[in-house]
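1. predicted model, plus sequence, below.
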Amino acid sequence: MKQQLSETLISRTFLGLLLAQFTATFNDQAIHMVAIFYSVDMLVRYVQIGRGIDDKAVVAIVTACFIAPFLMFSSFAGPLGDRFSKRSVIVFWKWAEVGMMLLAFVGLLLPHLVGTNSPRLPTLAHISAIMVISTVFLMGMHSTFFVPAKLGAMPEILHPSILSRGNGVLEGTSFAAQIAGTSAGGIFYSLLKGEVSTGRFQPAWEWTIGAALLTLALVGTLTAILMRPLPAAAPDLKLSWNWLKPLKQNFGIVSRSQPLTLSVIGIACCVFMTLFLRQTLLYRGEVKKELKAERAELVKHDPSAKPDHSNEGGTTLARVLTAVFPKRLEKRARTAAQEPELQVALLFAVVGLGVGAGSLVAGYLSGHRIELGLVPAGALTIIVCTLVLGLILNVPWIFIAALFGIGWGAGFYLVPLYTQLQHRAPKESKGNVVSASNFLNVVFGIVAVAVFYAATFLLERAMLEPVASAQITKEQISKDPALLKKYVGNLVRKEQIPYWLFIVTSALTAGALYYLFLRLRDFFLRMGIWIRSGGHNPLRTIGIEHMPVEGPVILLANSNLFRAALDLVAAVDRYLHVVLVETKGARHAWLQGWAEHAGMIAVPTNVKAPEWSKALETGVKTLKVGGMVALTVNQPECAAESARLIDAWRSSRPDAVVLPVYCTSAAGANASAGVGAKPYPRVIIGEPLPPHVDLATVLSAIECLASAPANGKHP
């Protein structure tokens, strides 16, 4: 039974999915932040577990607990999402989330079960921290299985005409949940935590955080149940416990398709940049924290030294928090505002806010199609904003605006790639493709951490004096003001390292964009087409499912105008060599140059022109490597030459799929194909033609497509 796809975002199933993923993402980020702060307090400050476990080690352990499930279970997540109904998978993991939040609640409650002077309190605090960290691992496993089902369900819920907008809303709300979860986890823990010092712990209201997250998990589970049943994509799929085999199969599916390869690698590159930026912001916060402490120590020993007055952000944050929260929490609010971890979390939330806003706008601007022109626009925005972060120092409002701009660019970058991944993945393997993407994201995330530490190590070696690496204790430094002054000077120089790391981020993003350009040589042309349309291309693509995602393809179209050729490029998601037999019309000079650079060949109606030979040679080379070419075939004076060109291309690759294409923009503004048609341009791709069809039959097939109604159905 075929699933009825919704043509509106106001549907019970989509809204149920939206709320289910919002609560899951919120809990995911909130428990992650709480686990870091709580575990450092319990294991490092109170219990003093030792054995090389300090605050940085705890942060690394918690992060590893979240990442590990993606490496361990990604190869199983995809097949399960295709073998069973994605709704069933989503509901199952939402109920599992309730159990996970119950574990966190019990863990946070545990130290409250005995008195503060009880000899059992250190043991319970130790166990409590382990339970909360275990929840992070379980939530990582939750995300490993939940995300492929969530993203794979989108094309099973929404009609292709609104899939981009749906993805924009999904990604926007997902990042909004990340912002809210990250901020809430940091703020509420800082407000509700007990008093912790060496060997002393006075529990307060930590358990209420667990209760709130448990309640939210229950609400999210109820919204997931609202989703209508979805049939399993591949109910007969045999599951395997072999970790490597499904992983190889998943990447095999991706590697055979240029659009899928582009999407998966492009998304992984963005994950790389995001984690690199996150590490940089955390590094910046730690340096500021250490610098503030050492400057205070320096003032004690050297009255001529100037105290630190650089925490205006914390002061402003304290005012906001004390205005929002009740008077009895005013003292806690002031203390929480001075925590550098909280300030960093809020800076990262600014990035997330930008991603959420950019995703929503990108979904709207994509209209009824996948707008790949947004990808280079988003990447260029990230490059410019990271350069601004690196070159413009100590201007707070510019810093915040640049962070928001990075998020905005990431939203533009991600929405088209996620939409393409969902739309072009085989129906029976959507979960597999998403799980392969998740696995690659984790690999790129690990590489990002390694590159960050390598870059930081090299910059510290180059910029800091030897005292920074000497084995000198803080006590020794405090006894020698001159040595302490030198140490503080090193910290001041160290404070400049994040700005260099922002420049490194810009360079790495430029490298990623260049790689994507090599995979899709008309990337910048697509961006130019999007700019020409005023930021909202009304073009609609019909019949894209007829175009193979791999292998040689020949498109035979009526695109005899430059604007029609541009519509043809924008309509498909593979790199396309266009041979334009042109009827002279309006052109944009800058777009013409970009089109020629992207491989478009404008052939005059003079059949003896050398461009015909170039078109033949280029087409043969492209088809031999499994590429795609297009040819204008509706110029009567070139019919014989067009037929000869088609025969030569077919001879080079007899297995090439031949598709007729009708572009309404080539027919004039008043000939928009069919009764009841609307003024927006359309590209209509027909079903494959027989192997040895003649040109007259091709033209007849194109004319038949011209009668397609505007609702997207065609003969």
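-> Received, thanks. Quick caveat, the model's predicted, so the values are computed rather than measured.
2. name the SS class of the spatially closest residue to residue 536 that is not a sequence neighbour, please.
-> Of all residues beyond its chain neighbours, the one nearest residue 536 is residue 365 (5.3 Å), with distances taken as CB to CB, 6 or more residues apart in numbering. To be clear about C-beta, it is placed using only N, CA and C from the backbone, and glycine gets the same treatment. At residue 365 the chain is in helix, as set by DSSP: H, G, I helix; E, B strand; the rest coil.
3. how many neighbours does residue 361 have?
-> Per other CB atoms under 10 Å, the neighbour tally for residue 361 reads 18.
4. show me what contacts it?
-> By CB atoms under 8 Å, 6 or more residues apart in numbering, the contact set of residue 361 is 168, 408, 411-412.
5. all helices for the stretch 601-715 of the chain, in order.
-> Assigned by DSSP state H, counting those that start in this stretch, the stretch 601-715 of the chain shows helices spanning 611-624, 639-652, 695-705.
6. want to throw those into CSV with mean pLDDT and distance to residue 274?
-> Converted to CSV, the helices of the stretch 601-715 of the chain look like this (pLDDT from 0 to 100; distance: least, CB to CB, whole Å):
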stretch, mean pLDDT, distance to residue 274
helix 611-624, 88, 35
helix 639-652, 88, 43
helix 695-705, 89, 42
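7. distance to residue 101 and mean neighbour count for these - can I get that in JSON lines?
-> Formatted as JSON lines, these follow (distance: least, CB to CB, whole Å; neighbours: other CB atoms under 10 Å):
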{"stretch": "helix 611-624", "distance to residue 101": "54", "mean neighbour count": "18"}
{"stretch": "helix 639-652", "distance to residue 101": "60", "mean neighbour count": "17"}
{"stretch": "helix 695-705", "distance to residue 101": "54", "mean neighbour count": "17"}
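8. measure the closest residue to residue 513 other than its chain neighbours to residue 413 for me?
-> Spatially, and ignoring its direct neighbours in sequence, residue 513 is nearest to residue 379 (4.2 Å; CB to CB, 6+ apart). As judged by CB to CB, to the nearest Å, residue 379 and residue 413 stand 6 Å apart.
9. which one of these two has more residues nearby?
-> Just comparing residue 379 and residue 413: by other CB under 10 Å the higher neighbour count belongs to residue 413, 32 against 27.
10. surely the more buried one touches residue 270?
-> Yes: counting by CB atoms under 8 Å, residue 270 is a contact partner of residue 413 at 5.8 Å.
11. contacting residues for residue 666?
-> 557-561, 564, 634.
12. ok, those residues vs residue 180, which is closest?
-> Nearest to residue 180, judged by CB to CB, of those is residue 564 at 45.8 Å.
13. ok, the closest one touching residue 539?
-> No: here residue 564 does not reach residue 539: they are 10.7 Å apart, not a contact under CB under 8 Å.
14. so those two - more neighbours on which side?
-> Neighbour comparison, residue 564 and residue 539: the larger count goes to residue 564, with 26 against 23 (by other CB under 10 Å).
15. returning to what we had before: could you dump the helices of the stretch 601-715 of the chain to JSON lines with distance to residue 120?
-> As requested, these are exported to JSON lines (distance: least, CB to CB, whole Å):
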{"stretch": "helix 611-624", "distance to residue 120": "73"}
{"stretch": "helix 639-652", "distance to residue 120": "80"}
{"stretch": "helix 695-705", "distance to residue 120": "78"}
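16. for those, which one sits closest to residue 396?
-> For the helices of the stretch 601-715 of the chain, proximity to residue 396 was assessed by CB to CB; helix 611-624 is nearest, at 51.6 Å.
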